[in-house]
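Peer 1: curious how this folds, go ahead:
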Amino acid sequence: MRWEDGLFILAFIGINLALLAWILLALGAQRYHQLTRLEHRKLLEADCNTLPTVSVMVPAHNEQEVIEDTVHALAAQDYPQERFEIIVVNDASTDSTGPLLDALAARYPQLKVLHIPRGVGGKGKSRTLNLGLPHARGEVIAVYDADNTPEPETLRLLVQTLRSDARLVAVNGKVRTRNYAASWLTRFINLEFMYFQWIFQGGRWYWLRLSTLMGTNYVIWRSYLTALGGFDEKSLVDDTEMSFRLLSAGRRVRWVPFATTWEQEPDTLRVWFKQRVRWSKGNFYVTFKYLPQALLRPYPIGVELLHFVLNFLVFFPALIMSTLILVLGLLGIAQVTLPGPFTTLWVMAYLVYVAQMSFVISLEQPGARNYLLGALSYFSYAQLFIPVSIAALRDYVADTVLKREVRWVKTARTKEKP
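Peer 2: Model (predicted):
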């Protein structure tokens, strides 16, 4: 067998294994959508008089462009005010974040501002949350990024869902892109977030009762967070690492689509690339940290880790091999000689991708432009994850071999148009 034929077979198998899994997840997402519509109506009518106390924690490092809108949105939550506080941890900011927060604290009595000095702060989101946790008085801890504007009923719906099932220890709501119209990149990110949450979060929960935290717009029982020792300060993805720790303790994390926050996404490729490399490096860290447990506990750790393995160790390598074969073929360097209806199968696989993307668009933001961008995303935006994965693996291996300290790369914010 020629080497290009062997490479093509590996790429074909890897891509279609992932595609098969995504088809099953999409079917589960469709069913989950129907179930949560009924649940949403019941929660809106539920009694709010016995809700637990909640401490909303917001880590903030150089967030002057967005922090005011975030505090306004959090203060406007329709949660009982006597059982609700907002704690913003000003993490050694060098811009106007501190003074802006002090002015807001004079306006909102439920707002508490913690100023972390330079030298102590500025070391990542996990450390910032750990510094703020001792100051929280709530039975439930809610976490929001500093660029989030949750809808008024969001916090209440999250807590009501958490309290409705004794097996749940944390509940994550939906995250939507607030500045989706800022650039072509934010429009694609908008579609990506729709796709990921419905297919991978909703679909996994329906079939497997598995889901992971997303870093913002989630609530967690404080008792479990304290028992687990807070957040892992070595991890670049505090949400994913915490999810695996909760799963390893036999607890469940659920994603719900009816509790929505809106956040700012990177509108330049440079900022986006740095953010996604950090996320991917963090996922590599989590994968290798929990791999021994996955081998001993196939469910839930093994099954959840399989999701990461399928994406990072099967699908993306297969995507790279597929792209390599295509480029070499166009250059006349290598030609696949295998007989078979591979072109037809590829077209069918692409149509499945478009169908899945169209499904989530129909749920969230239907429109001709989004349907067109969804179809084009496979050839454009999705391909950007190849260099992201390569850069993340390179940096992760270098950090491990050279024993370098892992550095947190802050996602830069921009001033949005009204």
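Peer 1: which residues does whichever strand or helix holds Tyr371 contact?
Peer 2: Secondary-structure element containing Tyr371, defined by DSSP states H and E: helix 368-377. Counting by C-beta atoms under 8 Å, 6 or more residues apart in numbering, helix 368-377 makes contact with Arg187, Phe188, Asn190, Leu191, Glu192, Val354, Met357, Ser358, Ile361, all of which sit outside it. C-beta: built from backbone N, CA, C; applies to glycine.
Peer 1: what secondary structure does the first one sit in?
Peer 2: When the structure is split into helix, strand and coil by DSSP: H, G, I helix; E, B strand; the rest coil, Arg187 lands in helix.
Peer 1: need the contact list for it.
Peer 2: When contacts are counted by C-beta under 8 Å, 6+ apart, Arg187 touches Tyr180, Ala181, Arg369, Asn370, Leu373.
Peer 1: tell me, how many neighbours does the third one end up with?
Peer 2: Neighbour count of Arg369, defined by other C-beta atoms under 10 Å: 11.
Peer 1: Leu19 and Ala355 touch, don't they?
Peer 2: No - taking contact to mean C-beta atoms under 8 Å, the distance of 11.4 Å between Leu19 and Ala355 leaves them out of contact.
Peer 1: what helices and strands are in contact with the helix or strand Val397 falls within?
Peer 2: Element membership of Val397 [criterion: DSSP H and E] is helix 385-402. Taking 3 or more C-beta pairs under 8 Å, 6 or more residues apart in numbering; DSSP states H and E as the contact definition, the neighbouring helices and strands of helix 385-402 are helix 269-296, helix 316-330.
Peer 1: can you name every helix or strand that the last one contacts?
Peer 2: This means helix 316-330. Under the contact rule (3+ C-beta pairs under 8 Å, 6+ apart), helix 316-330 is packed against helix 3-44, helix 385-402.
Peer 1: out of those helices, flag the one nearest Ile116.
Peer 2: Evaluated over the helices and strands packed on helix 316-330, closeness to Ile116 peaks at helix 385-402, with 24.9 Å, by C-beta to C-beta.
Peer 1: where is the longest strand in the chain?
Peer 2: The residue-count maximum for a strand in the chain (DSSP state E) belongs to strand 252-263.
Peer 1: for that strand, which strands pair with it and how are they oriented?
Peer 2: Paired with strand 252-263 in the same sheet, following DSSP bridges, are strand 148-150 (antiparallel), strand 168-177 (parallel).
Peer 1: average model confidence for it?
Peer 2: Taken as a whole, strand 252-263 has a mean pLDDT of 97.
Peer 1: swap in stretch 369-384?
Peer 2: Over the span of stretch 369-384, the pLDDT mean works out to 94.
Peer 1: and that stretch, what's buried?
Peer 2: Asn370, Tyr371, Leu373, Gly374, Ser377, Tyr381, Leu384 (16 or more other C-beta atoms under 10 Å).
Peer 1: got the end-to-end distance for it?
Peer 2: Counting by C-alpha to C-alpha, to the nearest Å, you get 21 Å between the two ends of stretch 369-384.
Peer 1: kindly report the same for stretch 325-341.
Peer 2: Separation of the first and last residues of stretch 325-341 by C-alpha to C-alpha is 17 Å.
Peer 1: kindly report the same for stretch 361-374.
Peer 2: When the termini of stretch 361-374 are compared using C-alpha to C-alpha, they are 8 Å apart.
Peer 1: likewise for stretch 84-103?
Peer 2: 20 Å.
Peer 1: quick one, which of the contacts of helix 368-377 are buried?
Peer 2: Applying 16+ other C-beta under 10 Å to the contacts of helix 368-377 flags Arg187, Phe188, Asn190, Leu191, Glu192, Val354, Met357, Ile361 as buried.
Peer 1: in JSON lines: these, plus distance to Tyr396.
Peer 2: What follows is the buried ones among the contacts of helix 368-377, written out as JSON lines (distance: C-beta to C-beta, whole Å):
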{"residue": "Arg187", "distance to Tyr396": "30"}
{"residue": "Phe188", "distance to Tyr396": "25"}
{"residue": "Asn190", "distance to Tyr396": "28"}
{"residue": "Leu191", "distance to Tyr396": "27"}
{"residue": "Glu192", "distance to Tyr396": "22"}
{"residue": "Val354", "distance to Tyr396": "33"}
{"residue": "Met357", "distance to Tyr396": "29"}
{"residue": "Ile361", "distance to Tyr396": "33"}
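Peer 1: among those, which are located in helices?
Peer 2: Judged by DSSP state H, helices contain the following of the buried ones among the contacts of helix 368-377: Arg187, Phe188, Asn190, Leu191, Glu192, Val354, Met357, Ile361.
Peer 1: pick the one among the residues you listed closest to Trp255.
Peer 2: Taking C-beta to C-beta as the measure, Trp255 lies nearest Glu192 of these, at 15.6 Å.
Peer 1: is it true that the closest one touches Ser380?
Peer 2: No - no contact is recorded between Glu192 and Ser380 when judged using C-beta under 8 Å, the distance being 11.7 Å.
Peer 1: before we move on, the earlier item: between Leu19 and Ala355, who's got more neighbours?
Peer 2: Taking neighbours as other C-beta under 10 Å, Leu19 and Ala355 compare with Leu19 leading, 16 against 12.
Peer 1: which non-adjacent residue is nearest the more buried one?
Peer 2: Ala349 (5.4 Å; C-beta to C-beta, 6 or more residues apart in numbering).
Peer 1: all set now, cheers.
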